[in-house]
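[1] here you go, sequence then predicted model.
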Amino acid sequence: MEQLANLAPFVLLLPLCMFLVLGLFGNKMAHKTAGLLGTAVFGVTSVICYYIAINYFFSGNFQNGGTFEAVELFNMEWLRMTDTLCIHIGFLLDPLSAIMLIVISTVSLMVHIYSMGYMKEHDGTYDGGLQRFYAVLSLFSFAMLGLVIATNIFQMYIFWELVGVSSFLLISYYYYKPSAVRAAKKAFIVTRFADMFFLIGILILSYYTGTFDFDKLTLVNEGHVEIVNSTMRDITFCGFPIISIAVFLIFLGGAGKSAMFPLHIWLPDAMEGPTPASALIHAATMVVAGVYLVARLFPVYHFEAPHVLEIIAYIGAFTSIFAAIIACAQTDIKRVLAFSTISQIAYMMVALGVSGYGEAEGLGYTASIWHLFTHAMFKALLFMGAGAIIHAVHSNEMDDMGNLRKRMPITHITFLIACLAIAGIPPFSGFFSKDEILVAALENNKIAFAVEYFVAGLTAFYMFRLYYRIFWFGEPKDGYKHEPHEQSLVMTFPLMFLAGVTVISGICWMFGLLPFTHLISSDFTNYDIHTHWNVALPSIGAGVIGILIATFLFLEKTGRPNKAVSYFKRPYKWAVKKFYIDEVYLYVTNNIIFKRICQPIAWFDRHVIDGFMDLLAWITNKSSEEIKEVQSGYVQQYAWVFIIGVITIVICAI
Amino acid sequence: MNIPVASYFILSTLLFFIGVYGFVARKNLISILMSIELILNAVNINFVAANRYILPNLNVDKPLMEGYIYTLFVIAIAAAETAVAISIIINVYRQHKNIDAKSINELKH
């Protein structure tokens, strides 16, 4: 405990220092030095994170009769507004944050290593600003770690905005590309728009409960959250209980970051950023912040706003099927992965939405965090594999790929493992987490179960479509300009490592070596579960059917895909165009908000308000033009005026 | 011979307005300067006449002399002012090659 508390500040301080050092002095270093330094220091941070997490889970010091205790390693006063209102900054260690520490440090370290190879151009030089890349990567790691260890919701909000800003900086890394700049702006504006609701939610919640602290907010006592008393339940606004409104607004903030429909539009465009950044931020860590947020406040949702939780389940179910359908029709491999990410995060949201509270009731909660863990590993792997392929063929388009399995064997095998994992084929990790989500959904919400079951098959289909189009299918039309070849070890090592995690965590689960339910549950109490074969077998069946259809269509170059498309012409076109959601947004902003509201206001401002001011200026100007002739410069004329004035005054006085 | 006090005032008024007229109507800077002298002397006549006829001289051994003394001040200051004015006029002449009041309008808007 003492030892962990001494180590804890370094989790935040090391990446922050690295950000400052690389950001301020990076341009004085060689590219390679900056990369190595950033990676080495983050390696130390990762070791500290692992040490803290493993100590927490396995030392037994923090366990009390099967229940993990939440401890604050440090919690210092940061901003004191008034006697009662004070914002702390601290380190909350409980199973949830410990799992997140492992996820973030693993993926971030792999991305740090991978970037040293990926950001290198083919002639051995680095793209200018590699130091900037590592500096922002450090900033992101700092912010993300700060977010998950937050002891109070305000600290979380501050780091939440910091991850948003580092995401913005990384998407616009290629700032000379207009599309990247547009994508960065879009991501920033959409997530900021959602964060506005988050902030309002925080303010409402803390106004009524009088605290920001998670340990007070989530303290459960006899079937309700202790801090919410009966008078608070009676306060309503527009017919809804105020606490429900607050937590729904907080969920909206999470929905923006986690790309839930209809706030998902920024994530596919965010793929303009460098691929390692996409792997880290837009696949594994930042986009699951919304899931983390709901999980963190789960007791409040479950006991005080069960209807909001139901809404979350439906939003999640809709988003997952919606994104999965779009993913089937995209041809840019990174965009396929982006939509797959949206779909999988929605899976986690569904799991939270259908979860109960306490031991086996909270299976959905456990499954959600477990899926978060497995998804982060295999999705980061998929993105890095995609990055290796893009690096080899210099294109994001599927049409420029094909037949790469012999040319890039390591990428091929690791990519296949990740595809099998996401498709839910045992013994890979994704099968087990997805299976538990389906079990939880079957118990509590049949509609969500039916949707998720269908999405499981669809996921297998589009992932294997991607896999076959890249690694089989036949050479691209014009052949390859450069012969694609396997990447260097610095890029393949992270792939192999993450593939290893995907396989080993699945096998550990299968043989009961490391049951995830012993690590995390909704009330932090251990419980045992078994694989439910009545759900697992049909879900494997759905996955296999999806894979078989993909094999039939895309194993070799045939006319079959076109023929299949001709059966669903209209839906296919809609899916290619992403159901015109972007166009709807553009229509609403351009034609309704800009044209109907902003332009008349701008006209009023320019012509009426500015016009009035211009009129005043014009009158002043004209009249002074007229009377300036009086100032002739002839002294005798002044004398005349003076004399006449004196005479007038004298006459008046008489 | 007893001249009534009103005659002095009429004379000084005439002189004053002749001076004012000269000041605003003449073009030549020297003439304007001379007009100023006329105005000052009109005032001097007023001072002297008022001191002689209007101020009550209660104490014959020590008569009140303020009017006369102010006149002397005015004459002294007029001399100094004339010196300054002449030097300005010379400078104006160097600039414009004439001393016409109309040609000095640098203070225009």
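    Nice, I can see it.
[2] only C-alpha atoms for contact and neighbour calcs from this point on.
    OK.
[3] show me where chain B has helices.
    Under the criterion DSSP state H, helices of chain B are mapped to B:5-25, B:29-49, B:66-96.
[4] tell me if the first one is near chain A.
    Yes: contact check for helix B:5-25 against chain A, using C-alpha under 8 Å from any C-alpha of the partner chain: residues in range are B:23-25.
[5] ok so, going back, now the helices of chain B as CSV including mean neighbour count, mean pLDDT and distance to A:Leu79?
    CSV is the format used below for those (neighbours: other C-alpha atoms under 10 Å in any protein chain shown; pLDDT from 0 to 100; distance: least, C-alpha to C-alpha, whole Å):
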stretch, mean neighbour count, mean pLDDT, distance to A:Leu79
helix B:5-25, 17, 92, 77
helix B:29-49, 20, 93, 78
helix B:66-96, 14, 92, 72
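[6] can you lay out those helices as a markdown table showing distance to A:Thr558?
    Below are these laid out as a markdown table (distance: least, C-alpha to C-alpha, whole Å):
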| stretch | distance to A:Thr558 |
| --- | --- |
| helix B:5-25 | 110 |
| helix B:29-49 | 110 |
| helix B:66-96 | 101 |
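[7] out of the ones you listed, the one nearest A:Glu304 is which?
    helix B:66-96 (94.2 Å; C-alpha to C-alpha).
[8] is any part of that closest one close to chain A?
    No: remark: helix B:66-96 sits outside contact range of chain A, by C-alpha under 8 Å from any C-alpha, the gap being at least 13.9 Å.
[9] pick out the residue in the stretch 301-450 of chain A sitting closest to chain B.
    Nearest to chain B, among the residues of the stretch 301-450 of chain A, is A:Arg335, at 70.5 Å (C-alpha to the nearest C-alpha).
[10] count of residues packed around that residue?
    21 (other C-alpha atoms under 10 Å in any protein chain shown).
[11] could you do A:Glu625 as well?
    A:Glu625: 10 neighbours (other C-alpha under 10 Å).
[12] before we move on, back to that, which of the helices of chain B sits closest to A:Val535?
    Per C-alpha to C-alpha, nearest to A:Val535 of the helices of chain B: helix B:66-96, 109.9 Å.
[13] please name every helix or strand in contact with the closest one.
    The elements that helix B:66-96 packs onto, with contact taken as 3 or more C-alpha pairs under 8 Å, 6 or more residues apart in numbering or on different chains; DSSP states H and E, are helix B:29-49.
[14] just the CA atoms of the helix it packs on, as PDB, please.
    Taking Å, rounded to 0.1, in the frame of the first residue of the first chain, the C-alpha atoms of helix B:29-49 are listed here in PDB:
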ATOM      1  CA  LEU B  29       1.200  93.300 -40.300                       C
ATOM      2  CA  ILE B  30       2.900  96.600 -39.300                       C
ATOM      3  CA  SER B  31      -0.400  98.500 -39.600                       C
ATOM      4  CA  ILE B  32      -2.000  95.800 -37.500                       C
ATOM      5  CA  LEU B  33       0.700  96.300 -34.900                       C
ATOM      6  CA  MET B  34       0.100 100.000 -35.000                       C
ATOM      7  CA  SER B  35      -3.700  99.400 -34.500                       C
ATOM      8  CA  ILE B  36      -2.900  97.400 -31.500                       C
ATOM      9  CA  GLU B  37      -1.000 100.400 -30.200                       C
ATOM     10  CA  LEU B  38      -4.000 102.500 -30.700                       C
ATOM     11  CA  ILE B  39      -6.200 100.100 -28.700                       C
ATOM     12  CA  LEU B  40      -3.700 100.100 -25.900                       C
ATOM     13  CA  ASN B  41      -3.400 103.900 -25.900                       C
ATOM     14  CA  ALA B  42      -7.200 104.200 -25.800                       C
ATOM     15  CA  VAL B  43      -7.100 102.200 -22.600                       C
ATOM     16  CA  ASN B  44      -4.300 104.400 -21.200                       C
ATOM     17  CA  ILE B  45      -6.400 107.500 -21.800                       C
ATOM     18  CA  ASN B  46      -9.300 105.800 -19.900                       C
ATOM     19  CA  PHE B  47      -7.000 105.000 -17.000                       C
ATOM     20  CA  VAL B  48      -5.600 108.500 -16.700                       C
ATOM     21  CA  ALA B  49      -9.000 110.200 -17.100                       C
END
